[in-house]
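1. Mind folding the following:
(chains A and B)
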Amino acid sequence: MLALPFNPVIAVLVTPVVAAAVLAALSGYRLSAGINVVASLLSFLIAVSLLFDRPPISQYLAIDDLNVVFIVLNTFVGFTTSWFSASYISHELESGHLTLGYLRFYHAMYQLMMFGMNLALVANNIGLMWVAVELATLTTVVMVGIYRTHQAIEAAWKYFILGSVGIALALFGTILVYLAARPVVGEGLDAMVWTVLISRVAEFDPALLNVAFVFLLLGYGTKVGLVPLHAWLPDAHAEGPTPISAVLSGLLLNVALYALLRFKMLLAANPGAIAPGPLMVTLGLLSLIFAGFMLYRRRDIKRLFAYSSIEHMGIIVFSFGMAGPLGNFAGLLQMTMHSLTKSAIFFSVGHVAQVKGTQKIADIGGLTESHPVLGWGLVVGVAAIAGLPPFGVFMSEFLVVSSTFARQPLLAVALALGLLVAFGALLMQVTALAFGPPRGPVGPVRASYVPMFAHLALVLIAGIYLPAPLVAWFQHVAALLG
Amino acid sequence: MASFSFDVAHMLAGGLVLVSFMMLYQDRLYSLLNVLALHAIMLALSVAWQAYIQHAPHLYITVALALGFKAIVIPMALRRMVFRMGIHREVETVVGIGLTMLVAIALVALSMEVMLPVTTHSDPMAREDIALALSVLLIGLLMMVTRRNAVSQIVGFMSLENGIVLAATGAQGMPLVVEISVAFSILIAFIVIGIFLFRIRERFDTVDDQALDRFRGEH
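-> Prediction:
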């Protein structure tokens, strides 16, 4: 067993904070970008060490089988995105979209955001988790507005207001959970510690838990981007810097969903509480079908993939709502695959938008001819996200559909319909983007392809062969989720 | 003594709901900001009473925050903003004030209907405080939905947030209440600063803005 001289949970939180402080003080952008990458890599390595060496659970922080998967995924995508970001922002600097001062701010905020997300994932306290999600939201709001164009500020404002309302509702739900816990656990900190809650939740008042869950679902659901509450998501993705779109889609939505899953576990462990399934299934299906149809009319390439994220979040929430070992397994797999694939797509889209000087789909075309590596990367990414075999997304979507079919055939039909609608839209859009005669500038592109292809390779490998220990792990976590 | 402290707590929480109603029929931004300050003062009184009867001195930090930050600093900042931007005329509403009031009454009834039955096992103090806090929260939400102007949206959000702080302090012994109220104040400060920048940019940079857009190939 690996023995580290420090507590890795603390380290995974301290690293981004220290990095943020250093980055806020430095002005050279090359050095900052480098430090950003190194700090993210360091966080990732520490997170990997958590797989082997699990520190003791405290009242504030805990590592268990569920969150260790997410923390590794979170820091990994954080690392690859910082790599992508290093090549992305040098172009933004040259083209004058960002100044040095803003870049300094951007890098510090990036690490602060990673801190917020890591904290939300390792928090063992539902109050602390809430504060962490709020912090992550605030930092992304600032970064969405960083270009300072009218649209960017408008998008940031919308994200801010909707996000704040969501956050407020989630807090109300959290207070209600505390109220339900207090008569059983007693006053004070223990009544907010998740490990204490889950061990005694069976004695809680189910009625209060039910109401709490509705608030939590609406609150954290806003951050997940579930459909009646999704209005902020496409704007925030389209107007911010592309690395931020990648982490929004790939990570922040996951973090909010993770928070929701924690509370779902509480409800599942209480015999008298309502089953959260039907609520989640309804919202998930609604998101999937709505976003599927919206994909057809998108004219902005980043908005297109933002709607695709809503669609995938719909599928994930749906499959967690179906629950059962298979449903949860599919949900976890889909979450991981979507994270990796969607961020890879945004890496490619970021460079495409830079070389073409536009995000309008109508002005971009023939990418496979003009920029073969970038264009084919995008095609492969879209094929993966649309659910074509042999990629990992195909496997998880297949699992969702087949497990639903065995239990609720009608729901499975609706689900399959939604998937097909989205599939058609993505295929249509990517054809316009990637094939045919090149449109727009065809100048050379300076891109780092490694992050994109690393993600796509992982998704491909997962689709062809999922290692047995990983499967066993996911099955174990799926059983925990109830 | 117990029943007296309940009565006072309920009176103060009920007063907060009442002030929320007052917000809904203000048709000028300045008077709306005055009511916002009143709302914060009611919250401070309510939290102070909770701190006193729960013997929880740390809650006085929340009281100080409500009085200093929410009742004085933020309304003054917003007032200055309204003055500088020359938007001190009427509040634009999406639906009529009469209808909004009716909806608000329905929301209060709804929150009583939802919260009172599910909290039968909690202690009566928390029980009715939570129901009243939910009313304040929902009215704040209603205000955000029915107002178009950014300043009145902030006011709506702040009253919503006051409702949450009321709920958190009513839940006896809840940890992290002070931290959460601080976190919320930071959030609000961010919003207000954001508005400042947003409006000021909008006013001075119209030309620059379009140039940027053209530069990026949009429009």
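
2. burial of the closest residue to chain A within chain B, as a residue count?
-> For chain B, the residue closest to chain A is B:Gly173, as judged by C-beta to the nearest C-beta, at 3.1 Å. For the C-beta atoms, the positions are set from N, CA and C on the backbone; glycine is no exception. Residues contacting B:Gly173 under the criterion other C-beta atoms under 10 Å in any protein chain shown number 15.

3. same question, the one 4 residues further on
-> B:Val177 is surrounded by 24 other residues when neighbours are defined as other C-beta under 10 Å.

4. A:Phe6 too?
-> So A:Phe6, with other C-beta under 10 Å, has 10 neighbours.

5. ok, so what distance separates it from A:Leu179?
-> In this view, A:Phe6 and A:Leu179 are 37 Å apart by C-beta to C-beta, to the nearest Å.

6. Now the element after the helix ranked longest in chain A, going C-ward?
-> When chain A is parsed with DSSP state H, its longest helix is helix A:150-185. Later in the chain than helix A:150-185, the nearest helix or strand by DSSP states H and E is helix A:194-200.

7. Give me the buried positions along that following helix.
-> A:Trp194, A:Val196, A:Leu197, A:Ile198 (16 or more other C-beta atoms under 10 Å in any protein chain shown).

8. Return the closest of these with respect to chain B.
-> For those, the minimum distance to chain B (C-beta to the nearest C-beta) is 12.1 Å, reached by A:Val196.

9. can I assume the residue of chain B closest to chain A sits in a strand?
-> No. Going by DSSP: H, G, I helix; E, B strand; the rest coil, the assignment for B:Gly173 is coil, not a strand.

10. Next, it: phi, psi?
-> With angles defined as degrees, to the nearest 10, B:Gly173 sits at phi 70, psi 10.

11. If you tally nearby residues, what's the number for the residue nearest to it when sequence neighbours are not counted?
-> Leaving aside its chain neighbours, B:Gly173 sits nearest to A:Glu187 (3.1 Å; criterion: C-beta to C-beta, 6 or more residues apart in numbering or on different chains). Using other C-beta under 10 Å, the number of residues around A:Glu187 comes to 16.

12. and what of B:Leu141?
-> Burial measure for B:Leu141: 19 neighbouring residues, criterion other C-beta under 10 Å.

13. ok, it - contacts?
-> Contacts for B:Leu141 were tallied using C-beta atoms under 8 Å, 6 or more residues apart in numbering or on different chains; they are A:Val165, B:Gly156, B:Leu160.

14. my guess is the second one contacts B:Met143, does it?
-> Going back to what we said before, that points to B:Gly156. Yes. Using C-beta atoms under 8 Å, B:Gly156 is in contact with B:Met143, at 3.4 Å.

15. Find the residues that touch each one of these two.
-> The contact sets of B:Gly156 and B:Met143 overlap at B:Met23 (C-beta under 8 Å, 6+ apart).

16. Enumerate every residue touching the most centrally placed residue in chain B.
-> In chain B, the centroid-proximal residue (C-alpha atoms, centre = their mean) is B:Ser159; its distance is 1.2 Å. For B:Ser159, the contacting residues are B:Ser20, B:Met23, B:Leu36, B:His39, B:Val136, B:Ile139, B:Gly140, B:Met143, by C-beta under 8 Å, 6+ apart.

17. what about the nearest residue in space to the third one that is not next to it in sequence, neighbour count?
-> By that I understand B:Leu36. Nearest non-adjacent residue to B:Leu36, counting by C-beta to C-beta, 6+ apart: B:Val155, 5.0 Å away. When counting by other C-beta under 10 Å, one arrives at 27 neighbours for B:Val155.

18. Next: the one 5 residues further on.
-> Close neighbours of B:Leu160, defined as other C-beta under 10 Å, add up to 24.

19. Retrieve the pLDDT associated with it.
-> The model reports B:Leu160 with a pLDDT of 89.

20. helix or strand for the residue of the stretch 251-400 of chain A found nearest chain B, which one?
-> Closest contact between the stretch 251-400 of chain A and chain B, by C-beta to the nearest C-beta, is at A:Thr358 (3.7 Å). For A:Thr358, there is no host helix or strand (DSSP H and E).

21. That one reaches A:Gly365, doesn't it?
-> No. Between A:Thr358 and A:Gly365 there is no contact under C-beta under 8 Å: 11.3 Å.

22. what touches both of the two?
-> Common neighbours of A:Thr358 and A:Gly365 (C-beta under 8 Å, 6+ apart) are A:Gly440.

23. Now for the closest residue to A:Thr404 other than its chain neighbours: which residues touch it?
-> Nearest non-adjacent residue to A:Thr404, counting by C-beta to C-beta, 6+ apart: A:Ala412, 4.1 Å away. Counting by C-beta under 8 Å, 6+ apart, A:Ala412 touches A:Val401, A:Thr404, A:Phe405.

24. so of those, which ones are in helices?
-> A:Val401, A:Thr404, A:Phe405.

25. who wins for neighbours among these?
-> Ranked by the number of neighbours (other C-beta under 10 Å), the ones in helices among the contacts of A:Ala412 place A:Thr404 first, at 25 neighbours.

26. Chain B versus that residue, what's the distance?
-> Remark: distance between A:Thr404 and chain B (C-beta to the nearest C-beta, to the nearest Å) = 32 Å.

27. quick one, what contacts that residue?
-> Counting by C-beta under 8 Å, 6+ apart, A:Thr404 has contacts A:Ser319, A:Met322, A:Gly327, A:Leu411, A:Ala412, A:Leu415.

28. Cross those against helices and list the overlap.
-> A:Ser319, A:Met322, A:Gly327, A:Leu411, A:Ala412, A:Leu415.

29. residues near the fourth one, how many?
-> Residues near A:Leu411, counting by other C-beta under 10 Å, number 18.

30. Verify the contact between it and A:Pro278 for me.
-> No. Assessed by C-beta under 8 Å, A:Leu411 is found out of contact with A:Pro278, at 10.3 Å.

31. What residues sit buried inside stretch A:133-144?
-> Across stretch A:133-144, burial judged by 16+ other C-beta under 10 Å covers A:Val133, A:Glu134, A:Leu135, A:Ala136, A:Thr137, A:Leu138, A:Thr139, A:Thr140, A:Val141, A:Val142, A:Met143, A:Val144.

32. Just the ones in helices from those residues, please.
-> Using DSSP H, those in helices are A:Val133, A:Glu134, A:Leu135, A:Ala136, A:Thr137, A:Leu138, A:Thr139, A:Thr140, A:Val141, A:Val142, A:Met143, A:Val144.

33. Now the fifth one: closest residue in space that isn't a chain neighbour?
-> When the adjacent residues along the chain are set aside, A:Thr137 lies closest to A:Gly163, with 4.9 Å between them (C-beta to C-beta, 6+ apart).

34. circling back: generate TSV for the contacts of A:Thr404, with distance to B:Leu65 and pLDDT as supplementary columns.
-> Below are those laid out as TSV (distance: C-beta to C-beta, whole Å; pLDDT from 0 to 100):
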residue	distance to B:Leu65	pLDDT
A:Ser319	43	93
A:Met322	44	89
A:Gly327	44	90
A:Leu411	48	93
A:Ala412	52	93
A:Leu415	48	94
